[in-house]
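Enquirer: My questions are about this predicted structure, shown below with the sequence.
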Amino acid sequence: MPPSPDTYQAIYAVIARIPEGSVATYGQVAVPGRARLVGYALSALAGRSAIPWHRVVNAQGRISPRSCGSDAGLEQRLRLEHEGISFDASGRIPLERFLWRPQFAEENQGYF
DNA sequence: GTGGTGACTGCCA
DNA sequence: ATGGCAGCCACCA
């Protein structure tokens, strides 16, 4: 399918491909240098969509500290643990185990 | 049209 | 290890 002219839609398309039990970083979803757009796009969702927004974490494997309210962060962690993703004592996800590794370039062509 | 803002990342001290 | 700075782009007032 052709790339969406709508940047947000392209980002959502990539996130929607993240399989259950895996996580992806903002930089992985977006072109390096444009990771902010991903976070901004997700903030627009605010959990009112079918997009698995909780599978997106920052480059350090942590729940991104949102601008206000930590409730969403707690919910994200619960959802990830429910999918079998574990956190270490520091509250980080071991990316070497759970990071999404797309096998085909087409997997993320939506935004690249 | 202009400017401020943000769920980020990578580099450097 | 932590903390600061710059680059980045779309959205909204």
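Expert: That came through, no problem.
Enquirer: How about the helix or strand where A:Val14 lies and DNA strand B, touching?
Expert: Element membership for A:Val14, per DSSP states H and E: helix A:7-16. No. Applying C-beta under 7 Å from any atom of the strand, one finds helix A:7-16 separated from DNA strand B by no less than 10.2 Å. All C-beta spots, glycine's among them, are computed from the backbone N, C-alpha and C.
Enquirer: helices or strands next to that helix in the packing?
Expert: Helices and strands touching helix A:7-16, as assessed by 3 or more C-beta pairs under 8 Å, 6 or more residues apart in numbering; DSSP states H and E, comprise helix A:26-29, helix A:35-45.
Enquirer: do you know which of the ones you listed lies nearest DNA strand C?
Expert: Among those, helix A:35-45 comes nearest to DNA strand C, with 4.5 Å by C-beta to the nearest atom of the strand.
Enquirer: The closest one - contacts with which helices or strands?
Expert: Using 3+ C-beta pairs under 8 Å, 6+ apart, helix A:35-45 sits against helix A:7-16, helix A:26-29.
Enquirer: buried set for it?
Expert: By neighbour count on 16 or more other C-beta atoms under 10 Å, the buried set for helix A:35-45 is A:35, A:37-39, A:41-42.
Enquirer: So which residues on chain A come close to DNA strand C?
Expert: A:6-8, A:33-37, A:40, A:44.
Enquirer: a markdown table please, covering those and showing distance to A:Glu81 and pLDDT.
Expert: Formatted as a markdown table, the residues of chain A next to DNA strand C follow (distance: C-beta to C-beta, whole Å; pLDDT from 0 to 100):
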| residue | distance to A:Glu81 | pLDDT |
| --- | --- | --- |
| A:Asp6 | 32 | 76 |
| A:Thr7 | 31 | 83 |
| A:Tyr8 | 28 | 87 |
| A:Gly33 | 31 | 82 |
| A:Arg34 | 29 | 88 |
| A:Ala35 | 24 | 89 |
| A:Arg36 | 27 | 90 |
| A:Leu37 | 28 | 92 |
| A:Tyr40 | 26 | 90 |
| A:Ala44 | 25 | 86 |
